[in-house]
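1. How does the following fold in three dimensions:
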Amino acid sequence: MEHIHDSDGSSCSSHQNPKGTAKWAASLENLLEDPEGVKRFREFLKKEFSEENVLFWLACEDFKKMQDKKQMQEKAKEIYMTFLSSKASSQVNVEGQSRLNEKILEEPHPLMFQKLQDQIFNLMKYDSYSRFLKSDLFLKHKRTEEEGEESPDAQTAAKRASRIYNT
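-> Purely as a prediction, here's the structure:
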């Protein structure tokens, strides 16, 4: 990896792709691509009693990657029962969930939850995500990160951690 030298002579490779909180603050997409970001966002949503939104979004992402029809049926049913049914334990608040009847679960296709997933994404983006960026949880993490960047040891620890996540 090529290191860029800042004016003060310390090498810094984070110019093109910001790390951690800077990346999370750039967009909700970035936040959701980062396992650590997802973890922090979930902690925040738990406090707001809306963790089901991000869990639903993540479940839909997993669902879209599935190839096997049997697995898709099971996952579709699980998503429906967990998040969409009127008896769901972690019901998400989306329009049109009533139109997603159980018949569609028999013939699942990768994008069957896409509209609902988009609704939830927008809900998070314009609602909880902006509050997350102002929350103590986020700001504390950001401070810790900034303090950590001053010590070279923290950098290597962060690199080690990122290797662990990228397995």
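
2. ok, and the helix or strand in this protein with the lowest average confidence?
-> strand 11-12 (a mean of 42; mean pLDDT, DSSP states H and E).

3. and the following helix or strand past that one, how far from the chain's centre?
-> Next in sequence after strand 11-12, counting helices and strands by DSSP states H and E, comes helix 20-26. Between the centre of helix 20-26 and the centre of its chain there are 12 Å (CA atoms, centre = their mean, to the nearest Å).

4. Which residue ranges of the chain form strands?
-> For the chain, the strands defined by DSSP state E occupy 4-5, 11-12.

5. Find the residue at the geometric middle of the chain.
-> Geometric centre of the chain, nearest residue: Leu32, 2.6 Å, by CA atoms, centre = their mean.

6. so what's it up against?
-> For Leu32, the contacting residues are Val38, Phe41, Val54, Trp57, Leu58, by CB atoms under 8 Å, 6 or more residues apart in numbering. Just so you know, the C-beta spots here come from the backbone N, C-alpha and C atoms, and that holds for glycine as well.

7. Go again with 10 Å.
-> Going by CB atoms under 10 Å, 6 or more residues apart in numbering, Leu32 touches Trp24, Val38, Phe41, Val54, Trp57, Leu58, Glu61, Phe121, Met124, Tyr129.

8. Just the buried residues of those residues.
-> Trp24, Val38, Phe41, Val54, Trp57, Phe121, Met124, Tyr129 (16 or more other CB atoms under 10 Å).

9. Contacts for stretch 121-134, please.
-> So stretch 121-134 is contacted by 21, 24-25, 27-29, 31-32, 37, 40-41, 43-45, 48, 50-51, 53-54, 56-57, 60, 92-94, 135, 138-139, 142 (CB under 10 Å, 6+ apart).
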